[in-house]
Structure formats: structure tokens, C-alpha cells
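J.: sequence first, predicted model second:
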Amino acid sequence: MCSENPVLPEDPVGFSMDLAAHEMRRRAHVLDALGPGWDPVAVLRDEEAAEDMLYSGLSEEQQRLYEELVSAGVLPAGRGGRAAS
């Protein structure tokens with residue numbers, strides 16, 4: 001018997017999927033792709049140095065805008081601004 005309007009259950013059908021194994025496999029592949037030479041501490045240190053350079057040597061107008069963005073929560077506080085260029 002074929003019907004154009006199939007009968008649907010009145011209550012939703014429960015559905016769940018555990019992605020924990022897939023996530024662990026994905027993380028293992030990411031770490032494998034990064035290789036044994038990947039140093040997360042050095043990467044973080046380099047990112048902080050780049051950010052210091054980005055916000056160093058600002059003009060007065062740039063400094064004012066930077067401080068306005070920090071106070072608005074757009075940029076994190078405590079970095080950049082008046083660092084030596």
C-alpha cells in the first residue's frame with residue numbers, strides 16, 4: 001500500500017549520536033599533522049610578540065582609538081598601546 005501522505009508519529013522519535021570517538025580521532029589527526037616539532041608555548045610566545053609589535057608606536061589618535069576599543073571590550077585589556085617600537 002503506497003500513500004502520498006505517510007502517517008507520522010505524534011511524539012518525536014528520540015535520536016542521539018555519541019561523537020566522542022570521532023572527536024578523539026579528529027584530534028589525533030590534527031596533532032599528527034602538526035608533527036613532533038610543534039611547540040605550543042613557542043607559538044603563543046610568537047603570537048604575543050606579534051601583537052606587541054602590532055600595537056607599538058601608535059600615534060595619539062591611534063592610541064585613543066585603541067583605548068576606546070579596549071574599554072568597549074572589542075580588544076583585550078593589558079596588551080599593546082605604548083610598547084616600544
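T.: Structure's in. What do you need?

J.: show the average pLDDT along stretch 23-38.
T.: Mean pLDDT, computed over stretch 23-38, is 94.

J.: neighbouring contacts of it?
T.: The contact list for stretch 23-38 (Cβ atoms under 8 Å, 6 or more residues apart in numbering) is empty. Using the backbone N, CA and C atoms, a C-beta is placed for each residue, glycine as well.

J.: now do the helices in the chain.
T.: 20-34, 40-54, 60-71 (DSSP state H).

J.: any idea how far the second one is from the chain center?
T.: Right, the one you point to is helix 40-54. Its chain's average C-alpha position is 16 Å from that of helix 40-54, according to Cα atoms, centre = their mean, to the nearest Å.

J.: reformat the helices of the chain as TSV; add distance to Pro9 and mean neighbour count.
T.: Converted to TSV, the helices of the chain look like this (distance: least, Cβ to Cβ, whole Å; neighbours: other Cβ atoms under 10 Å):
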stretch	distance to Pro9	mean neighbour count
helix 20-34	29	10
helix 40-54	49	11
helix 60-71	53	12
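
J.: nearest to Glu4, out of the ones you listed?
T.: Across the helices of the chain, Glu4 has its closest neighbour in helix 20-34 (37.5 Å, Cβ to Cβ).

J.: run the angle between that closest one and helix 40-54 for me.
T.: Per axes from the mean of the first three to the mean of the last three Cα atoms, to 10 degrees, the angle that helix 20-34 makes with helix 40-54 is 70 degrees.
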